[in-house]
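Participant: got a sequence here, can you build the structure:
(one chain, ligands or ions: 2)
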Amino acid sequence: MTLLAAEGLEKRYGGVVAVRGVSFNVNAGELIGIIGANGAGKTTLFAMIAGNQRPTAGTITFDGKRIDGLRPDMVSRRGIARTFQIVRPFPSLTVLENVVVGALFGARQESSIALAEQRAMVILEDVGLASRAHQMASDLTLASRKRLEVARAIATEPQLLMLDEVLAGLTPTEVNEAVTMIRALKVRYGLTIVMVEHVLRAVMQLCERIVVLHHGEKIAEDTPTAISNDPAVISAYLGPKK
Ligand SMILES: Nc1ncnc2c1ncn2[C@@H]1O[C@H](COP(=O)(O)OP(=O)(O)OP(=O)(O)O)[C@@H](O)[C@H]1O
Ligand SMILES: [Mg+2]
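Facilitator: Ligands and ions are numbered 1, 2, ... in the order given. Now for the predicted structure:
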């Protein structure tokens, strides 16, 4: 079943065309990757789907209904959550409070703070941050802040989770741990996941299908193996094999 369908998406910023004529589908339960060089339009694509940016052209359909042009809070209520490349926890709230905010304002909109806290604690356990629940978010390491960002997104109870470079800046060990965590979260919360990522080893391990953007356009879409052998992708992004 197609969960998300983007058709002919375009975003212009003045004279800059950040995304041009991009179409792709995501099936329910899939884990797909979006790769491409810096400035290829990956984050802009997420921003249009999540309602942070309005497409200049094209349509976005989620669960059978048009969502392009909706405000971020409305998109969130329909069941889409995203993380931000530059993590943005509320620094003066605790780790737990940050996740509670997601639980109170997302698709499920927990009816009481107590219930929201209960659910937030479960999610913190699942991302390995339970022991840090009462620390200030600003005191976390980068790896932990990335996990908090994922926890906040999951607290909104999305069907579709969009991860924007959650592995960037992590050590190889932290990347491995995060890959294991993403797999477990996908199963536990029944998620469909789209991840933008430069850490190719992880993308290749995790994703069933990969979409490649280059200067705002989709230049390939295939399995990880086919993508890593695609001449156009090698010349635009991957570089020759060593
Ligand atoms: N708010 C904006 N105003 C003007 N131009 C923008 C804006 N956001 C993005 N752009 C431009 O759009 C293009 C695509 O940017 P985008 O952030 O989507 O790339 P990206 O693929 O996410 O790159 P990275 O891998 O570095 O995160 C770039 O040329 C960028 O400078
Ligand atoms: Mg980006």
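Participant: run the chain-centre distance for stretch 85-92.
Facilitator: Distance, stretch centre to chain centre, for stretch 85-92: 15 Å (C-alpha atoms, centre = their mean, to the nearest Å).
Participant: neighbouring contacts of it?
Facilitator: Residues outside stretch 85-92 that contact it (C-beta atoms under 8 Å, 6 or more residues apart in numbering) are 43, 95, 97-98, 101, 136-138, 140, 142, 145-146, 148-149, 152, 164-165, 168, 196. To be clear about C-beta, it is placed using only N, CA and C from the backbone, and glycine gets the same treatment.
Participant: filter those residues down to the ones in helices?
Facilitator: 43, 95, 97-98, 101, 142, 145-146, 148-149, 152 (DSSP state H).
Participant: buried ones in the top helix by length along the chain?
Facilitator: Longest helix in the chain, counting residues (DSSP H): helix 172-188. For helix 172-188, the neighbour count (16 or more other C-beta atoms under 10 Å) marks 174-175, 178-179, 181-182, 185-186 as buried.
Participant: residue 105: which of these is nearest?
Facilitator: residue 185 (19.8 Å; C-beta to C-beta).
Participant: ok, the closest one to ligand 2 distance?
Facilitator: Remark: distance between residue 185 and ligand 2 (C-beta to the ion, to the nearest Å) = 21 Å.
Participant: tell me the contacts of that residue?
Facilitator: 126-127, 150, 154, 161, 191.
Participant: same question, residue 200
Facilitator: Per C-beta under 8 Å, 6+ apart, neighbours of residue 200: 35, 238.
Participant: let's see 10 Å
Facilitator: 33, 35, 210, 224, 227-228, 237-238 (C-beta atoms under 10 Å, 6 or more residues apart in numbering).
Participant: for residue 143, same thing?
Facilitator: Contacts of residue 143 by C-beta under 10 Å, 6+ apart are 128, 166-167, 169-171, 173-175, 177-178.
Participant: where are the low-confidence patches of this protein?
Facilitator: 106-110, 242 (pLDDT under 70).
Participant: how many residues are close by the residue in it that ligand 2 sits nearest to?
Facilitator: Proximity of the chain to ligand 2 (C-beta to the ion) peaks at residue 43, 3.1 Å away. Residues lying near residue 43 (other C-beta atoms under 10 Å) number 21.
Participant: perfect, I'm done here.
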